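> Sequence plus predicted model, see below.
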Amino acid sequence: MKNIELEYKILKKLEDNPKLTQRQIAEDLNLSLGKTNYLIRAMTDKGFVKLKNFKSSRNKMNYMYLLTLT
């Protein structure tokens, strides 16, 4: 599957649930965690996705993915 198709699928997943972890997305789409991380970073670099850290979370590794309208 091409990266553009995978990016679309990831965006749809994040639209439905922006609190999904990369691990959950990888499992749902049957991708490696590394590939999922690569695609999300690419979408972040393109401005399609923004990361938001949960300020109230004790675990500062928790993020929410925000889709942008660019």
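Everything's here; your move.

> and Asp28, what element?
helix 22-29 (DSSP states H and E).

> Which secondary structure elements does that helix sit against?
Applying 3 or more CB pairs under 8 Å, 6 or more residues apart in numbering; DSSP states H and E, we find helix 22-29 packed against helix 3-16, helix 33-46. Quick note: C-beta positions are derived from backbone N, CA and C, even for glycine.

> which other residues reach that helix?
6, 9-10, 13-14, 20, 31-33, 35-37, 40 (CB atoms under 8 Å, 6 or more residues apart in numbering).

> Thr36 and Glu7 touch, don't they?
No - counting by CB atoms under 8 Å, Thr36 stays clear of Glu7, with 10.5 Å between them.

> Tell me how many other residues surround Leu39.
Leu39: 23 surrounding residues under other CB atoms under 10 Å.

> now swap in the one 3 residues further on and tell me
Using other CB under 10 Å, the number of residues around Ala42 comes to 14.
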